[in-house]
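Undergrad: Mind looking at a prediction? Sequence and model below.
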Amino acid sequence: MELFRLSAGQAAGGIKSREFSAEEYVCQLLERIKKVEPKVNAFVTVNSEEALEQARALDKKIRDGQDAGALAGVALSIKDNICVKGLRTTCASKMLESYVPPYDATVVRRLKQAGAIIIGKVNLDEFAMGSTTEFSRHGPTRNPWDISRVPGGSSGGSAASVAALECAASLGSDTGGSVRCPASFCSVVGLKPTYGLVSRYGLVSYANSLEQVGPVGRTVEDVAAVMNVIAGTDEHDHTTAAVGARPVYSAGHDGGRQQQQQLRVGLVKEFVEGADSAVAKIIHSAMDTLAKQDCRCEETSLGAVKYALASYYTIAMAEASSNLARYDNVRYGFDDLNPEGYEWNSYFAKARSNFGEEVKRRIIVGSYVLSSGYYGKYYLKAQQVRSILRKELKSLFKHYDVLIGPTMPILPFKIGEKIEDDPLKMYLVDIDTVVANLAGNPAISVPAGFAAAAAAGDGGGLPVGLQMMADEFQEQKMLDAAFLFEGAAKVQRSPEL
C-alpha cells in the first residue's frame, strides 16, 4: 500500500484504527522524499530522525489507548520562515543560514499537540519575498507538474512538497498571495485565513499588517482539518482576534450546511479581464460548474482593484524595510566577516550586501517611501487606498457569500524566464491575490483545471487555480463553497515523478 498517497484525513484515520503504524507511514514518506527531491528541491531540512521518534511515540500512545490527537501521525512540512524548535530556520537567506530556534511557533506547537509529525522545513523565496521560489539561497524549487517551471511563491516548497506526495499537508505564510499562488501553480488547495485568526508568533516577519500563516493540502477537507488545529487567539500574539472558543471548521461533513441556503457567488470581472485567455476560459467554466450546483452566480465589479497592487507593494516594502533592519550581522547574521577589519558603516554595508537582489530591492524601495518628504506622497496614500478597498469589499459581501476569480492570471512559467525581466512585470502576477491581504479577508485557491501552455511539450496541461474570497471570519462559508466546487469539478490528480 502506497501510504504516501493518503490524504491527511485518511492517514490519521488509518493510524488511529491501527490499519498501519505511524512509523510505517513516515518511513514511506521519507523514502518518497529521497526519490523525488533531486527533481523538485522542495526541502531545506528533512527531519528524519525526530520524525521517526515522534511516530514511534505516537504508535505507543495508540497501543496504550491514549488520545492520539486530531492529526494523529499526519506528516506536515513547514515553510522555512516558521520556527520549529531544534530545526534550522533559514528564511532561504545567508543571514539566517545557521539559526536554530529555541522555541516552536504557536502554530507548530498546536500541530504537535494534535499529534502531527513535522517531517521537515521547506523552501521559499528569501524572507518570503517573491512569487516563484527562485530567490532562494538553497536554489529554486521546481514545479512537480513540469520540473522546468516555477512552483509559484513564496511558499513554493510547501505547495510542491504536497503536490509531489512528500507530505500530506504543509504550513506556509501568505503576505500577498504566497500560499495561494503556489497552490494554484501546483494544483493543490491553499488557504489564507482572516487577518488575526491564526497566530503569527514564531513567524519571521516580512510585513506585519499583511501576512498570515495558512495551510496547504491536497483537499479542502485536509485544509479545514489543519485550520481547526492552528486557528484561535494566542496570548503571545496581540494581533490575533478575540474569537472566543477555538473555531471549528468542516468541509462536507456538516449535515449539509452548504445546502441550507443558496450560495451567492460573484465573479469579479476585473480579475478575469487581466488573465490569459486559457486561464479565463477555465474560470468561466468554474462559474458554470458552481451554477449547476444551484449557486446563484453573476458577474460583479471591484473598482478599487486597479489601485490594489501599487498600494500593496508600497505597504509591504515599507514594513519589510523596517523588519529587516535587525539583520546587520550583529543582532542576527553569519560569522564570516572580520569586525576588526571594518569601521561600523563599512561593516554594516558589507554585511547587508549578503541579502539577495530581490530583498535589497524591496528594502531600498521601502526605505524610500517611508523617508521624509515621501511618506505622505506614497505610504499614506497606499493606506488610504487600503481603506477604500475594504469598504468596497464590505459592500459587495452584503450581496455575495464569496467572490471568485483566477488565483493567478497566468500559467506557471519556465524557471529563469522572468527573473531577468523588469521586476514590475513579475509583481503584476500578484494582482488577484493582494486584495485579500490588504483587506484582511480570507481567501482560498482550489484546483480548477489544466490549460495547455503556448509552448509544445507541456505534458497535457498546466494547473489553474480558482480563488474564492469571503468576508472577515467567514471561513466556513468559503470552505463550503470550495468543497462544493471541488466535488463537482473533480480535477485532483497527482503528477508523475
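TA: Cool, got the structure. Numbering: from 1, shown residues only.

Undergrad: Could you report the neighbour count for the nearest residue to F473 once chain neighbours are set aside?
TA: Using Cβ to Cβ, 6 or more residues apart in numbering and skipping the chain neighbours, the partner closest in space to F473 is T194 (5.0 Å). (Each C-beta comes from the backbone N, C-alpha and C, glycine too.) Per other Cβ atoms under 10 Å, the neighbour tally for T194 reads 24.

Undergrad: In which helix or strand does T194 reside?
TA: T194 is part of no helix or strand, with elements assigned from DSSP states H and E.

Undergrad: do S77 as well
TA: Here S77 sits within strand 75-79, counting by DSSP H and E.

Undergrad: what are the pairing partners of that strand, and which direction each?
TA: Here strand 75-79 is paired, per DSSP bridges, with strand 117-122 (parallel), strand 169-174 (parallel).

Undergrad: JSON lines for those, including distance to A280?
TA: Putting these into JSON lines (distance: least, Cβ to Cβ, whole Å) gives the following:
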{"stretch": "strand 117-122", "distance to A280": "31"}
{"stretch": "strand 169-174", "distance to A280": "24"}
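
Undergrad: can you tell which of the ones you listed is closest to F483?
TA: Closest to F483 of the strands paired with strand 75-79 is strand 169-174 (Cβ to Cβ; 16.0 Å).

Undergrad: Convert the closest one to CSV, retaining C-alpha atoms only.
TA: What follows is strand 169-174, C-alpha atoms only, in CSV (Å, rounded to 0.1, in the frame of the first residue of the first chain):
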residue,chain,number,x,y,z
ALA,A,169,-0.1,18.9,4.2
SER,A,170,2.1,21.9,4.9
LEU,A,171,2.1,25.3,6.5
GLY,A,172,3.1,28.4,4.5
SER,A,173,2.8,32.1,5.0
ASP,A,174,0.7,34.5,2.8
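
Undergrad: Quick check: the residue sitting nearest the centre point of the chain vs E166, distance?
TA: For the chain, V179 is the residue whose C-alpha lies nearest the centre (Cα atoms, centre = their mean; 1.8 Å). For V179, the distance to E166 (Cβ to Cβ, to the nearest Å) stands at 17 Å.

Undergrad: which regions of the stretch 1-150 of the chain sit below the pLDDT cut-off?
TA: Along the stretch 1-150 of the chain, no part satisfies pLDDT under 70.

Undergrad: thinking again about what came up before, what's the spacing between the strand holding S77 and its chain's center?
TA: Per Cα atoms, centre = their mean, to the nearest Å, the displacement of strand 75-79 from the mean C-alpha position of its chain is 12 Å.

Undergrad: Flag every buried residue along it.
TA: Using 16 or more other Cβ atoms under 10 Å as the burial criterion, the residues of strand 75-79 that qualify are 75-79.

Undergrad: got it, and stretch 293-309?
TA: Buried, per 16+ other Cβ under 10 Å, within stretch 293-309: 293, 295, 297, 302, 304-305, 307-309.

Undergrad: Please apply the same query to stretch 193-212.
TA: Applying 16+ other Cβ under 10 Å to stretch 193-212 flags 193-207, 209-212 as buried.

Undergrad: For that stretch, list the C-alpha coordinates in CSV.
TA: Extracted in CSV, the C-alpha atoms of stretch 193-212 (Å, rounded to 0.1, in the frame of the first residue of the first chain):
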residue,chain,number,x,y,z
PRO,A,193,-7.1,33.0,6.8
THR,A,194,-8.7,36.2,8.0
TYR,A,195,-6.0,38.5,9.5
GLY,A,196,-5.8,37.8,13.2
LEU,A,197,-7.4,34.3,13.1
VAL,A,198,-4.1,32.4,13.2
SER,A,199,-1.1,33.4,15.4
ARG,A,200,2.0,34.8,13.8
TYR,A,201,4.1,34.2,16.9
GLY,A,202,7.2,32.3,15.6
LEU,A,203,6.8,33.5,12.0
VAL,A,204,9.8,35.6,10.9
SER,A,205,8.2,38.9,10.0
TYR,A,206,8.1,40.3,6.5
ALA,A,207,5.1,42.7,6.5
ASN,A,208,3.3,42.5,9.9
SER,A,209,-0.1,44.1,8.8
LEU,A,210,-0.5,41.8,5.8
GLU,A,211,0.9,38.3,6.5
GLN,A,212,-0.9,35.3,7.8
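
Undergrad: Now do the same for that stretch: mean pLDDT, whole number.
TA: Here stretch 193-212 scores 97 as its mean pLDDT.

Undergrad: Now do the strands in this protein.
TA: Along the chain, counting by DSSP state E, strands occupy 43-46, 75-79, 117-122, 169-174, 189-192, 212-217, 264-268, 296-300, 402-406, 443-451, 462-469.
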